[in-house]
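Asker: Sequence first, predicted model second:
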Amino acid sequence: MKPSSDARTLGTFLKARRAALDPRDCGLPTTPDRRVTGLRREEVALLAAISVDYYTRLEQGRVRASAAVLDTLSRALRLDEDQQSYLYEVAGRTDSRPRHRARRPAQQVRPAMLRLLTQLTETPALVLGRRLDVLAWNRSAVALYTDFAAIPADRRNYLRLLFTDPAIRALHREWAHDARDAVAAVRMEAGADPDDPELARLVGDLTLKDADFSTWWAEHRVNSATYGTKHYRHPLVGDLTLDCDTWSGADDSGQRLMVLTAEPGSPSHDALRILTAWTADQAADPEPTGTGTRTL
């Protein structure tokens with residue numbers, strides 16, 4: 001069947017958009033001998049979570065895209081509002097075009113959360129926001145995990161670090177268990193806010209970078225647990241077994257305080273005290289966080 005004029009226009013637009021994207025901006029690996037300008041068809045299909053064959057037929061005008069596919073393609077191709085409107089127009093889906101959401105303001109640590117964090121001087125603690133973004137931390141958390149201030153704010157995400165930071169990955173003695181639980185926690189959040197563009201970008205990046213993440217995300221496992229046990233192997237103090245508890249704020253900000261503690265008198269408690277003392281000996285003040293507060 002010969003493609004219609006609109007179908008050909010849609011295919012031309014999709015080709016132009018993928019050719020205009022820098023693979024590095026999409027978290028895709030590049031090599032010096034890469035000969036394709038922009039993204040390949042299979043890369044767009046991967047980002048959009050559709051088959052390569054389906055996307056190819058879409059570019060060739062041999063299939064009509066559903067509203068759901070157009071939505072995920074808009075994210076994969078990083079279309080702005082005008083480009084999204086044009087995409088739905090040439091695809092003949094103007095009746096299904098989603099209403100544009102107001103841009104969310106940057107997440108700011110709630111004052112109550114920050115006050116709690118300032119009082120936790122002998123145990124690691126983090127303030128986590130939407131999508132498990134790391135919003136604030138204390139010095140003990142830096143000693144346990146990493147120097148969060150050295151990580152760009154748009155990459156400072158607990159789930160991302162679990163999969164992409166070799167040191168944090170090695171820190172977790174039961175990494176697969178902990179990482180899978182974190183995926184399930186973010187998957188549950190996705191159910192409440194499936195149109196969050198930052199969440200779509202996070203999932204797309206990790207899907208490309210880690211096969212385990214792709215598999216676990218596809219399981220649709222969810223988890224709302226607020227407590228558990230973490231097993232670490234720290235390069236300075238050795239093995240740690242810590243209780244992990246999280247408390248959510250009373251508002252709808254999605255912020256939660258995560259605190260790690262050890263049983264008094266246990267080897268882990270002694271090791272945590274050594275780690276805390278080591279952080280207290282550091283002379284330099286921590287750098288400001290991306291939210292306008294300081295680590296404590």
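Answerer: Nice, thanks for sending it over.

Asker: quick one: contacts for the most centrally placed residue in the chain?
Answerer: The structure's the chain has its C-alpha centroid closest to residue 202; by C-alpha atoms, centre = their mean the separation is 3.7 Å. Residues near residue 202 by C-beta atoms under 8 Å, 6 or more residues apart in numbering: 131, 157, 159-160, 186. The way it works is simple: take the backbone N, C-alpha and C, and place the C-beta from them, glycine included.

Asker: In those, find the pair that's most separated.
Answerer: Greatest spacing in the contacts of residue 202, by C-beta to C-beta: 160 and 186 (10.1 Å).

Asker: what's the single longest strand in this structure?
Answerer: Using DSSP state E to define each element, the chain has its longest strand at strand 238-248.

Asker: can you give me the strands in the stretch 1-150 of the chain?
Answerer: All strands of the stretch 1-150 of the chain, identified by DSSP state E, counting those that start in this stretch, fall at 125-128, 134-137.

Asker: what does the first one contact?
Answerer: Same thing as strand 125-128. For strand 125-128, the surrounding residues in contact (C-beta under 8 Å, 6+ apart) are 109, 113-114, 116-117, 134-138, 140-141, 158, 246, 255-260.

Asker: Just the CA coordinates for stretch 49-68, please, in CSV.
Answerer: Listed in CSV are the C-alpha atoms of stretch 49-68, where the atom choice follows Å, rounded to 0.1, in the frame of the first residue of the first chain:
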residue,chain,number,x,y,z
ALA,A,49,10.6,1.1,24.1
ILE,A,50,9.2,-0.1,20.8
SER,A,51,10.4,-2.6,18.3
VAL,A,52,12.9,-1.6,15.6
ASP,A,53,10.5,-3.1,13.0
TYR,A,54,7.6,-1.1,14.2
TYR,A,55,9.6,2.2,14.2
THR,A,56,11.0,1.4,10.7
ARG,A,57,7.5,0.9,9.3
LEU,A,58,6.4,4.1,11.0
GLU,A,59,9.1,6.1,9.3
GLN,A,60,8.2,4.4,6.0
GLY,A,61,4.5,5.4,6.4
ARG,A,62,3.3,1.7,6.6
VAL,A,63,1.7,1.9,10.0
ARG,A,64,-0.4,4.4,12.0
ALA,A,65,1.0,5.4,15.3
SER,A,66,-1.1,5.2,18.5
ALA,A,67,-1.3,8.1,20.8
ALA,A,68,0.8,6.2,23.4
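
Asker: and it, which residues are buried?
Answerer: Neighbour-count burial for stretch 49-68, counted by 16 or more other C-beta atoms under 10 Å, picks out 49-50, 55-59, 61, 63, 65.

Asker: From those, which land in helices?
Answerer: 55-59 (DSSP state H).

Asker: so which of the strands of the stretch 1-150 of the chain comes closest to residue 153?
Answerer: Relative to residue 153, the nearest member of the strands of the stretch 1-150 of the chain by C-beta to C-beta is strand 134-137, separated by 9.2 Å.

Asker: Turn the buried residues of stretch 49-68 into JSON lines, including pLDDT and distance to residue 234.
Answerer: Shown next, in JSON lines, are the buried residues of stretch 49-68 (pLDDT from 0 to 100; distance: C-beta to C-beta, whole Å):
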{"residue": "49", "pLDDT": "83", "distance to residue 234": "37"}
{"residue": "50", "pLDDT": "86", "distance to residue 234": "42"}
{"residue": "55", "pLDDT": "91", "distance to residue 234": "45"}
{"residue": "56", "pLDDT": "92", "distance to residue 234": "49"}
{"residue": "57", "pLDDT": "91", "distance to residue 234": "52"}
{"residue": "58", "pLDDT": "90", "distance to residue 234": "49"}
{"residue": "59", "pLDDT": "89", "distance to residue 234": "50"}
{"residue": "61", "pLDDT": "85", "distance to residue 234": "57"}
{"residue": "63", "pLDDT": "86", "distance to residue 234": "53"}
{"residue": "65", "pLDDT": "84", "distance to residue 234": "50"}
